[in-house]
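> Need coordinates for the following:
(one chain, ligands or ions: 1)
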Amino acid sequence: MTSEIAAKAAFDHIRYAQLWEDADVLTQALGDCAGGTLVSICSAGDNALAMLTLDPAKVVVVDLSPAQIACLRLRIGAFRNLSHPEFLELMGARASTQRAGLLDRALAGLDPDTQTFWQALADDVALYGAGGVGKFERYFRIFRTRLLPLVHSKRTIDAIFETRPLAARQAFLDQRFNTWRWRLLLNTFFSRFVMGRMGRDKAFFDHVDGSPAQHVARRIHHAAVTCDPAENPYLHWIMKGTHGAALPMTWRAEHFEAIKARLDRLDIRPGALEAFISTGEKADGFNLSDIFEYMSPDTFAQVYGDILSAAAPGAQLVYWNMMAPRRMPPQYAGRVRTLTQTEDRLKAIDKAFFYSDLIVEEVTA
Ligand SMILES: C[S@@+](CC[C@H](N)C(=O)[O-])C[C@H]1O[C@@H](n2cnc3c(N)ncnc32)[C@H](O)[C@@H]1O
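From the prediction side, this is the model:
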């Protein structure tokens, strides 16, 4: 089975060097998976690693892009060969002057293709961290270094991350942050044209409705007011180029040893998710990232049905929408239950504020 998006977008470079989907939300949505088989889209690999904390028998990791698979392989080497503080330095969560050496150590013992791939990126890794070298992160970097300084001072940017009560967060957004310059920047930078050119492949906007800038403004309210920015690693990276005190789940010290001890439960299968379906295996949970949004509604409905055929009863499907609405196609209503309460609870705490919707569905038959 071919994958529609594979034919449209080029996958020869790293698009996402870190996962911009909240693994705290993902793992809570998947629930109790101990001993089960999980399937994850790889992307940069962080969320497949986070799924190991659920103590599954295995996590099957798929991705159409060899570059994205290489991101996971690097992390495996880094978990094996580095200490936790070194891991954070290599990835770019923390400032570092020793990333070249850390990269060499992380690559030791990995396959030659992964080594060659990352050695070619060594200069960028030294500058930005291994989590900063994707196209998506480059787009944020241009925003942060060239455009944001035209709009806000460093003092205002730093002030975003001071902990304050909800009403004070609203006041900060209204009075200090949401200036006319900021609104102009938002409308320009998040225009379809610029996002297509710099952030995402233009093919990814084929099915998206509404203006990206309007969407981003709504999501900024979620990240800056509804949630506490001081606890948001994603916002911190975008605004300051590293993480602050808050880290994404997979990168936190508390999970380092558990993930490291379970790395051999990863079953990496480069290629389309659709290939897993044809093996006849059944999975108890799926992390589907936001891949459905990249498909036409018809293809989505077909792939969704195929996934159901590879799902064990009780399996959870977890996925996001950024701008295009994708939820269970109506013809599957008898076989799937939407876990609305779980969705609402988790949407309220989702720190990756890009997404307009989080979907958690349970396969009943
Ligand atoms: C859909 S993108 C979204 C990335 C995400 N928002 C993030 O923060 O990383 C994630 C990955 O899905 C992969 N992908 C898309 N469609 C796929 C498919 N049908 N099978 C396997 N991988 C797929 C892409 O190669 C990409 O690396």
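> Going along the chain, name the strands of the stretch 251-365 of the chain.
Using DSSP state E, counting those that start in this stretch, the strands of the stretch 251-365 of the chain run over 266-270, 283-287, 311-321, 336-338, 357-363.
> Just name the most buried of those strands.
Mean neighbour count (mean count of other C-beta atoms under 10 Å) peaks for strand 283-287 among those, with a mean of 26. For glycine as for every other residue, the C-beta is placed from the backbone atoms N, C-alpha and C.
> Let's have the strands of the stretch 251-365 of the chain in CSV, adding distance to the ligand.
Output for these, formatted as CSV (distance: least, C-beta to the nearest ligand atom, whole Å):
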stretch, distance to the ligand
strand 266-270, 9
strand 283-287, 10
strand 311-321, 7
strand 336-338, 19
strand 357-363, 12
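> Dump those into JSON lines; add mean pLDDT as well.
Putting the strands of the stretch 251-365 of the chain into JSON lines (pLDDT from 0 to 100) gives the following:
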{"stretch": "strand 266-270", "mean pLDDT": "98"}
{"stretch": "strand 283-287", "mean pLDDT": "98"}
{"stretch": "strand 311-321", "mean pLDDT": "97"}
{"stretch": "strand 336-338", "mean pLDDT": "98"}
{"stretch": "strand 357-363", "mean pLDDT": "97"}
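> now those strands in JSON lines, with distance to residue 70?
What follows is these, written out as JSON lines (distance: least, C-beta to C-beta, whole Å):
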{"stretch": "strand 266-270", "distance to residue 70": "10"}
{"stretch": "strand 283-287", "distance to residue 70": "19"}
{"stretch": "strand 311-321", "distance to residue 70": "23"}
{"stretch": "strand 336-338", "distance to residue 70": "34"}
{"stretch": "strand 357-363", "distance to residue 70": "28"}
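> quick one: which helix or strand includes residue 13?
Under DSSP states H and E, no helix or strand contains residue 13.
> What is the neighbour count of residue 242?
Look at residue 242: counted by other C-beta atoms under 10 Å, it has 18 neighbours.
> from what I can see residue 94 touches residue 240, true?
No. Counting by C-beta atoms under 8 Å, residue 240 is not a contact partner of residue 94; they are 11.8 Å apart.
> Mind listing the shared neighbours of the two?
Common neighbours of residue 94 and residue 240 are not found (criterion: C-beta atoms under 8 Å, 6 or more residues apart in numbering).
> Might you report the residue contacts of the residue of the stretch 1-150 of the chain found nearest the ligand?
At 3.1 Å from the ligand, residue 20 is the closest residue in the stretch 1-150 of the chain, using C-beta to the nearest ligand atom. Residue 20 sits next to 136, 234, 352, 354 when contact means C-beta under 8 Å, 6+ apart.
> Switch those residues over to a markdown table; also include neighbour count and distance to the ligand.
Shown next, in a markdown table, are the contacts of residue 20 (neighbours: other C-beta atoms under 10 Å; distance: C-beta to the nearest ligand atom, whole Å):
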| residue | neighbour count | distance to the ligand |
| --- | --- | --- |
| 136 | 19 | 7 |
| 234 | 22 | 9 |
| 352 | 22 | 7 |
| 354 | 19 | 7 |
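> any chance of these in JSON lines, with pLDDT too?
Shown next, in JSON lines, are those (pLDDT from 0 to 100):
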{"residue": "136", "pLDDT": "92"}
{"residue": "234", "pLDDT": "97"}
{"residue": "352", "pLDDT": "93"}
{"residue": "354", "pLDDT": "77"}
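> Residue 185: which of those is nearest?
Nearest to residue 185 out of these is residue 354 (C-beta to C-beta; 17.1 Å).
> correct me, but that closest one touches residue 219?
Yes. If you go by C-beta under 8 Å, residue 354 and residue 219 touch, sitting 6.1 Å apart.
> isn't residue 328 right up against residue 304?
Yes. Under the criterion of C-beta under 8 Å, residue 328 makes contact with residue 304 at 6.9 Å.
> Settle it for me: which of those two has more neighbours?
residue 304 (22 against 17).
> contacting residues for that one?
Contacts of residue 304 (C-beta under 8 Å, 6+ apart): 292, 328-329, 332.
> And residue 115, by the same measure?
Residue 115 neighbours (C-beta under 8 Å, 6+ apart): residue 107.
> Could you pull up phi and psi at it?
Per-residue torsions, residue 115: phi -60, psi -50 (degrees, to the nearest 10).
> Local confidence estimate at the nearest residue to residue 91 once chain neighbours are set aside?
Sequence neighbours aside, residue 131 is the residue nearest to residue 91 in space, at 4.2 Å (criterion: C-beta to C-beta, 6 or more residues apart in numbering). In this model, residue 131 is scored at 98, pLDDT.
> what's the spacing between stretch 251-265 and its chain's center?
Centre-to-centre, stretch 251-265 and its host chain are 18 Å apart (C-alpha atoms, centre = their mean, to the nearest Å).
> Point out the residues in this structure that sit beside the ligand.
The chain comes close to the ligand at residues 3, 5, 11, 15-16, 19-21, 41, 43-44, 62-65, 68, 272-274, 289-291, 294, as judged by C-beta under 6 Å from any ligand atom.
> 8 Å instead, please
3-6, 9, 11, 15-16, 18-21, 41-44, 47, 62-65, 68, 136, 271-274, 289-291, 293-295, 303, 320, 322, 352, 354 (C-beta under 8 Å from any ligand atom).
> quick one: low-confidence parts of the stretch 201-350 of the chain?
201-210 (pLDDT under 70).
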